[in-house]
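Q: model this:
(one chain, ligands or ions: 1)
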Amino acid sequence: MRKHFFSGIQPSGRLHIGNYFGAIKQWVALQDSYEPVFGIVDFHGMTARYDPKDMPVRVLDAAASYLAAGLDPERSIIMLQSLVLEHLELAWILNCITPMGRLSRIPTFKDKVRQNPDNVNMGLFGYPVLMAADILLYKSEIVPVGEDQVPHLEFTREMARRFNSIFGETFQEPAEVLSSGARIVGTDGVNKMSKSLDNCIYLDDTDEEISRKLATAVTDPARKRRSDPGDPEVCNLYAYHRIFSTPEEIAHCAEGCRTAGIGCVDCKKIVAAHIQEAVAPIRERRTELMAQPSEVRDILRAGADRARPIAQETMREVRDKVGTTLD
Ligand code: TYM
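A: Down below sits the predicted model:
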């Protein structure tokens, strides 16, 4: 029997190439060796203010993007988190053994407080606990994610250890699996590509939009003219080359940049072609899927029906350990 693991994405907007190259692409590759659970984590999505009317649309959008990117509902379990309530039950049990001080030191919490000082809610504070529950519920050994999630995985391992030491051996410590695209910088050249910043190349962007976004993307700030030599190591575009281009192209661009033999415009064209090639089939398939919303929603329901028994089995063991049984 193939083992399970859980990974997921918040339905907080359109998916971008950071989500794809940081997470989904690895997920696609792992579908043969595991029976993974890929969640659309709508409970996590509630920690920021949102319009309830938008939530079903965002969920559909994320599900269509999962499928378009190559997740296969036969080999993987593609589900909506809020349809499997065991996630909340385990999160509550973990809440009761989580020191508040530990949670307040998690960098993503500090960032969110800085970004939204007027909406610091309990859900946001306990966000990593719910994420630990997602992961431990399926006894995940690995969790393929982007680099920004590593502090959450460290916290999850701590929670597994803490639970085991209080209630007896139950969970193993999951390891993060990072890809070469684990930290895709946004087109601003500074921040991580992020739905909450205007610096994304989206999985449904057209070829023209991709070219336009790259044309204005920040490169080596010291290279002001075509004739100035540049430093690829400080250039955001070069970071993209490292992920998307062939070894020959990477060498050609690095050398060309240092000697001013190649300009940023030509360099950007090479990256644009690679990103367009990766995004076009996803965009096309996604458009087809968005035209069949009820089929896509059925996949999420069927996925939840497959995930639930796995979650329930873990919870039977957990309830027994923590004493919430009448027997
Ligand atoms: P989220 O929705 O912010 O992002 C989903 C996945 O995409 C990765 N990612 C990136 N990778 C590389 N470069 C980027 N610029 C980039 N932006 C996003 C993220 O690392 C992530 O893998 N807390 C999670 C959702 C979650 C989860 C889980 C993940 C809830 N429960 C259990 C794994 C296991 C989050 O907010 O991801």
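
Q: please make it C-alpha for all contacts and neighbour counts, starting now.
A: Will do.

Q: sec struct for residue 8, please.
A: strand (DSSP: H, G, I helix; E, B strand; the rest coil).

Q: list the buried residues in the helix or strand encompassing residue 287.
A: Under the criterion of DSSP states H and E, residue 287 resides in helix 264-290. For helix 264-290, burial by neighbour count (16 or more other CA atoms under 10 Å) applies to 264, 267-268, 270-276, 278-280, 282-283, 285-287, 289-290.

Q: and it, how far out from the chain middle?
A: 19 Å (CA atoms, centre = their mean, to the nearest Å).

Q: beyond it, next helix or strand please.
A: Helix 264-290 is succeeded, C-terminally, by helix 293-322 (DSSP H and E).

Q: who does that next one touch, helix- and strand-wise?
A: helix 55-68, strand 77-80, helix 86-95, helix 127-137 (3 or more CA pairs under 8 Å, 6 or more residues apart in numbering; DSSP states H and E).

Q: looking at the ones you listed, which is nearest to the ligand?
A: Evaluated over the helices and strands packed on helix 293-322, closeness to the ligand peaks at helix 127-137, with 4.0 Å, by CA to the nearest ligand atom.

Q: model confidence over the closest one, on average?
A: Model confidence over helix 127-137, given as mean pLDDT, is 98.

Q: cool, and stretch 39-46?
A: 97.

Q: contact partners of that stretch?
A: Stretch 39-46 is contacted from outside by 6-12, 55, 59, 62-63, 78-82, 123, 127, 130, using CA atoms under 8 Å, 6 or more residues apart in numbering.

Q: any idea how far it is from the chain center?
A: 12 Å.

Q: stretch 132-140 too?
A: That offset, for stretch 132-140, works out to 16 Å (CA atoms, centre = their mean).

Q: what about stretch 237-254, near the ligand?
A: No: remark: stretch 237-254 sits outside contact range of the ligand, by CA under 6 Å from any ligand atom, the gap being at least 11.0 Å.

Q: in that stretch, what's buried?
A: Under 16+ other CA under 10 Å, the buried positions of stretch 237-254 are 237-245, 249-250, 253-254.

Q: can you give me the buried ones in stretch 73-93?
A: 73, 75-84, 86-93.

Q: just the terminal-to-terminal distance for it.
A: End-to-end distance of stretch 73-93: 30 Å, with CA to CA, to the nearest Å as the criterion.

Q: residue contacts, residue 221?
A: residue 235.
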